[in-house]
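Chemist: sequence and predicted structure are below.
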Amino acid sequence: MIIVSGHLTIPAERMAEVMPVARATLEATRKEAGCIVYSYAIDVLEPTLLRIYEEWSDRAALDAHGGQPHMAPWRAKLAEVGADNREVIAHEASAPRAI
C-alpha cells in the first residue's frame with residue numbers, strides 16, 4: 001500500500017472558487033482502480049491550508065493517477081489561484097495495522 005500525505009496553501013479569498021474543482025477531482029479519483037482513500041481537508045487552525053491524504057493499492061495505481069484527465073483541471077485551478085507551499089510525499093506501508 002502507498003500512503004500519500006501532504007499539504008498546500010490557497011489564498012483565503014480564492015478558496016471558494018477552488019472547491020468545485022476539488023469536489024470534481026475527488027469524485028473522479030475515488031473511482032480510479034487502486035484508489036482506497038482520497039481526501040482533502042481544510043485545516044481547522046489554518047484555513048488557507050489544504051491537507052491531502054491518499055491511500056493507493058500500489059505504486060502503479062498512484063502513478064496512473066497522475067496522468068488521469070481529471071487531474072489537469074485541478075492543477076490548472078491551483079496554478080490560477082496561486083496555490084503554493086506544496087509538499088506531498090508518498091510513503092510505502094508494508095504492514096499496516098490498527099492502533
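Modeler: Cool, the structure landed.

Chemist: alpha carbons only for contacts and neighbour counts from here, please
Modeler: Fine.

Chemist: what mean pLDDT does stretch 19-35 have?
Modeler: Summarised as a single mean, pLDDT over stretch 19-35 is 98.

Chemist: hmm, who's touching that stretch?
Modeler: Stretch 19-35 is contacted from outside by 36-40, 54-58, 61-62, 65, 70-71, 73-74, 77, using CA atoms under 8 Å, 6 or more residues apart in numbering.

Chemist: and for stretch 38-45?
Modeler: 22, 26, 29-30, 48-55.

Chemist: out of those residues, which is nearest to Met1?
Modeler: Comparing the contacts of stretch 38-45 against Met1 with CA to CA places Glu55 closest, at 6.9 Å.

Chemist: helix/strand/coil for the closest one?
Modeler: strand (DSSP: H, G, I helix; E, B strand; the rest coil).

Chemist: OK, contacts around it?
Modeler: By CA under 8 Å, 6+ apart, the residues touching Glu55 are 1-4, 35-38.

Chemist: buried subset of those residues?
Modeler: 1-4, 35-36, 38 (16 or more other CA atoms under 10 Å).

Chemist: so of the contacts of stretch 38-45, which ones are in helices?
Modeler: In helices, defined here by DSSP state H, the members of the contacts of stretch 38-45 are 22, 26, 29.

Chemist: neighbours around the last one, how many?
Modeler: Just to be clear, that refers to Thr29. Neighbour count for Thr29, taken as other CA atoms under 10 Å: 21.

Chemist: distance-wise, check it relative to Gly67.
Modeler: Relative to Gly67, Thr29 is positioned 11 Å away (CA to CA, to the nearest Å).

Chemist: ok, now Ile2?
Modeler: Distance of Ile2 to Gly67, given as CA to CA: 17 Å.

Chemist: Arg23 now?
Modeler: Separation of Arg23 from Gly67 (CA to CA): 18 Å.

Chemist: ok, now Pro96?
Modeler: 27 Å.

Chemist: how about Ile36?
Modeler: Distance of Ile36 to Gly67, computed by CA to CA: 18 Å.

Chemist: helix or strand for His91, which one?
Modeler: Assignment of secondary structure by DSSP states H and E places His91 within strand 84-92.
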